[in-house]
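**Q** Fold the following.
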Amino acid sequence: MSMGDEHAGAPGHRATAVVGRAPRALADLAPGERATVVEVVADGAPETVRRLGALGFTPGTVVEVVRRAPLRDPVVYRLKDYEVCLRRAQAAYVHTIGADR
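**A** Model prediction:
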């Protein structure tokens, strides 16, 4: 189940990627990078998709990586007007596009 499917109004709809740029997992972005959420996918864990959506990780949302803990986990992300701390395992479910520094 993907977050894009749930909110698009048409079953099977997924946000399209920018030509020439492959989606990247939020967990793979470095501090200071910004990207736009394309979809949230957690095969076999729909409750995780719902929770990430409730936290604001929905298609079209711009997310910035603020900082990482010394051992790279957890990571603080800024989205909308607040910050959220996620483990890299959960951030890997959030697919983004258009990362820039």
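
**Q** Only the buried residues of stretch 63-71, if you could.
**A** Buried residues in stretch 63-71, defined by neighbour count with 16 or more other C-beta atoms under 10 Å: 63-65. In this view, the C-beta of every residue, glycine as well, is placed from N, C-alpha and C.

**Q** And those residues, which is closest to Ile97?
**A** For those, the closest approach to Ile97 (C-beta to C-beta) belongs to Val63, at 11.1 Å.

**Q** Excluding chain neighbours, give the residue nearest to the closest one in space.
**A** Of all residues not flanking Val63 in the chain, Leu79 sits nearest, at 4.6 Å (C-beta to C-beta, 6 or more residues apart in numbering).

**Q** If that neighbour is in a bridge, with which residues?
**A** Val63, Tyr82 (DSSP bridges).

**Q** how about it, what does it touch?
**A** For Leu79, the contacting residues are 56-57, 61-64, by C-beta atoms under 8 Å, 6 or more residues apart in numbering.

**Q** Of those residues, which is the nearest to Asp28?
**A** Val63 (12.3 Å).

**Q** So the closest one is in contact with Ile97, correct?
**A** No. Counting by C-beta atoms under 8 Å, Val63 does not reach Ile97; the two are 11.1 Å apart.

**Q** residue boundaries of the helices in this structure?
**A** 3-7, 46-54, 88-91 (DSSP state H).

**Q** ok, which stretches of this structure are strands?
**A** Assigned by DSSP state E, the strands in the chain fall at 24-25, 34-40, 62-68, 75-79, 82-86, 94-100.

**Q** Please produce CSV containing the ones you listed, extended by distance to Glu47.
**A** Conversion of these to CSV gives the following (distance: least, C-beta to C-beta, whole Å):
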stretch, distance to Glu47
strand 24-25, 19
strand 34-40, 12
strand 62-68, 21
strand 75-79, 20
strand 82-86, 15
strand 94-100, 15
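
**Q** Good, we can wrap up now.
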